[in-house]
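Novice: got a predicted model here, sequence first, then my questions.
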Amino acid sequence: MIVASGSSLRSAVVAAVLAATTAAAAEEPAAAIDFAHEIVPLLEKWCGECHIGDARQGGFSMNTLEATQAGGDSGLAGLVPGKADASEIIRRITSTDPDERMPSDGEPLPAAEIELLAAWVAAGGNWEPGFSFESTLWEPPLALRPVTLPEPINGREHPIDRVIDAVARAQGRELLPAASDRQFIRRVSLDLTGLLPSPEEVEAYAADASPGKRTALVERLLGDEPRARLRYAEHWLTFWNDLLRNDYTGTGFITGGRKQITSWLHQALVDNTPYDAFVRELIAPSEASRGFIDGIVWRGTVNSSQTVPIQFAQNVGQTFLGINLKCASCHDSFVDRWTLQETYDLAAVMAAEPLELHRCEKPTGVMARPGWMFSDLGQVDPAAPPEERLTQLAALITHRDNGWLSRNLANRIWARLMGRGIVHPVDALRTQPWNEDLLELLAADLVEHEWDIKHLLRTICTSEAYAAVTPAFERSASSSDRFGPLPRRLTAEQFFDCLWQLTGTAPEKPDGEVKRPAAAGDEPAMVRAALVKCTPLMAALGRPNRDQVVTSRPTELTTLEAIELANEQSLADQLAEGGEKILAEHGPSPEPIAEWLFAAALSRPPTPPELAACLDLLGQQPTTQTVADCLWAVMMLPEFQLIR
């Protein structure tokens, strides 16, 4: 390779990348650089010997994004997203100084690979969340192991607290104080039902002096009364729609290449179907539940990793086992131990025709053999017809000794309620948990109570750990934060459910194909946001299109979200309609309106400065518009949009 002197090569490469990016933008959007398939192999090939794993030459490790950005002993940033010319890794691979150039031995990188790395950095240096070159060297055992509970501390007998309190004591940390009654009832109501508690419920709970009132509240929210069952089901429908990529509109529905499972899923949640039966009905499905394994039949030509059988393997692995097989759908995984053969073997369980392995889109001549990766529990009969193979697989996955299934759900539920998984990220169950005993405890509790999901929710929500105060939203999740819940944003569906509660503007009928009563208990059953098609504002608030399995949603405020919340016409219309209703029910005086808004939206009275601001906004004679404006102002408060 012919190079110029000094730093001219680096400048030339960066200039070429910028020029190419500008030219491409003028014509059509360029394909995004694939981190797992294009960048990881280059970093392993050229940087691995000196800077990956235990190697930290010059104090520089590239094991994680944070370490790569930090750089080494020189103090220079290794990776500056969006700035190739300021990134030390680009400077080193383009340097002509033999004392500076990397790799220090052998030939320099080919020009095409330098351009690719520079383009990747210039485009933002995207790094797959949670990815690390370091092997965790940890994998959960197949079967759950018994946990010996530590002795209680300060009379805290709950099993979760006994585990967490022992860790806190060993680390010399103080136990977190409890949240207030008003904070707790709002938190647990939103977590378990997705709805705000009424002002009357809040006042009654705050006035209750009985020692077991938190447990009683959780029991009521998860109870068998028809209204409670429906509220629970239609809130947790959001969680399962994301995980099972179930929706009411989008890719595949018009052409018949995709089916809803909403009717089946809704009824399963209303009935609190045991989780093992729930999973079996999805893997070896009836007509009502087969939309999950049927995936999406994409129009046109698709690559080998997006055929329906491969989608089946990816979705079963991710949703039920916490295993990411997407990388291993194209080749042996760069980020985990799973192989291309294992992915295709799992895919072949449901395939009607023999499957030939394709490695990076090239046929290999090797045929898949129907089976799954944990043969210690038994194996699928490869000679059986597909329907029988699916039944066998469903039985194997839901075997009581398959700890991957119970750990995976326990971890996902913990992450949903506490803000961060015991294993993080939640789709990488081979990552070391921050507390193995806690994960085993919850998984075993689920299995021992006949796979009752509500029991698992009840176990977590009645602990002192769940009832603790939350840290400031701006603070990152440190180890101390793991002893209690982190603040979490309302989902798009929760935001709309709360809006409709406050304004009375819920749709008249759902888009999801469900049979629901016109009334549950003693009041009409409000149509929930989880049952309606996604709107532009819902999308801006983070609701996904569910073409893929979704296990986490955005946590940061976006510019689009701020614009939509300030200007979206349908939101303004609903606020105006709500303003008229609130004025009629709580007016005409401004002070009762302000007090009700805070009690209904935030579960507390306004402070004197807040009350003064509301009265100023409402005016001496409130109108529909000033009430709508005041309601909007309250709903834009971080306190409203966070579960704390």
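Specialist: Looks like it arrived, so ask away.
Novice: which ones are touching Glu564?
Specialist: Shown here is Glu564, whose contacts under the criterion C-beta atoms under 8 Å, 6 or more residues apart in numbering are 536-537, 540-541, 571. Using the backbone N, CA and C atoms, a C-beta is placed for each residue, glycine as well.
Novice: just the buried ones from the residues you listed, in PyMOL syntax?
Specialist: In PyMOL, this line selects whichever of these come out buried by 16 or more other C-beta atoms under 10 Å:
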select buried, resi 537+540+541+571
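Novice: Glu139 contacts Arg430, doesn't it?
Specialist: Yes: using C-beta atoms under 8 Å, Glu139 is in contact with Arg430, at 5.1 Å.
Novice: re the thing from before, among the contacts of Glu564, which are located in helices?
Specialist: The members of the contacts of Glu564 that map onto helices under DSSP state H are 536-537, 540, 571.
Novice: nearest to Phe374, of those?
Specialist: Ala540 (41.0 Å; C-beta to C-beta).
Novice: surely the closest one meets Glu561?
Specialist: Yes: counting by C-beta under 8 Å, Glu561 is a contact partner of Ala540 at 4.8 Å.
Novice: on that earlier part again, which one of the contacts of Glu564 is nearest His158?
Specialist: Leu541 (34.2 Å).
Novice: how near is the closest one to Thr249?
Specialist: According to C-beta to C-beta, to the nearest Å, Leu541 stands 17 Å off from Thr249.
Novice: give me the number of residues near Ile453?
Specialist: 20 (other C-beta atoms under 10 Å).
Novice: and if you look at Gly124?
Specialist: Close neighbours of Gly124, defined as other C-beta under 10 Å, add up to 12.
Novice: that one contacts Pro81, correct?
Specialist: Yes: counting by C-beta under 8 Å, Gly124 touches Pro81, with 4.8 Å between them.
Novice: for the chain, which segments count as strands?
Specialist: 356-359, 362-367, 488-489, 519-520, 523-524, 642-643 (DSSP state E).
Novice: average pLDDT across the longest one?
Specialist: What it means is strand 362-367. For strand 362-367, mean pLDDT is 95.
Novice: for that strand, packing partners?
Specialist: Contact analysis of strand 362-367 by 3 or more C-beta pairs under 8 Å, 6 or more residues apart in numbering; DSSP states H and E lists strand 356-359 as its packing neighbours.
Novice: give me the sheet partners of the strand it packs on and which way each runs.
Specialist: Neighbouring strands of strand 356-359 in its sheet, by DSSP bridges, are strand 362-367 (antiparallel).
Novice: chain center to the strand it pairs with: distance?
Specialist: Distance of strand 362-367 from its chain centroid, counting by C-alpha atoms, centre = their mean, to the nearest Å, is 35 Å.
Novice: residues contacting that strand, please?
Specialist: For strand 362-367, using C-beta under 8 Å, 6+ apart, the contacting residues are 341, 354-358.
Novice: give me the common contacts of Glu139 and Arg430.
Specialist: Listed as contacting both Glu139 and Arg430 by C-beta under 8 Å, 6+ apart are Arg337.
Novice: these two: who's more crowded?
Specialist: It is Arg430, of Glu139 and Arg430, that has more neighbours when counted by other C-beta under 10 Å, with 19 against 13.
Novice: touching, that one and Ser333? I think so.
Specialist: No: contact criterion C-beta under 8 Å: Arg430 and Ser333 do not qualify, at 10.8 Å.
Novice: closest to Ala170 among the contacts of strand 362-367?
Specialist: Gln341 (42.8 Å).
Novice: compute the distance between the closest one and Glu356, please.
Specialist: According to C-beta to C-beta, Gln341 and Glu356 sit 12 Å apart.
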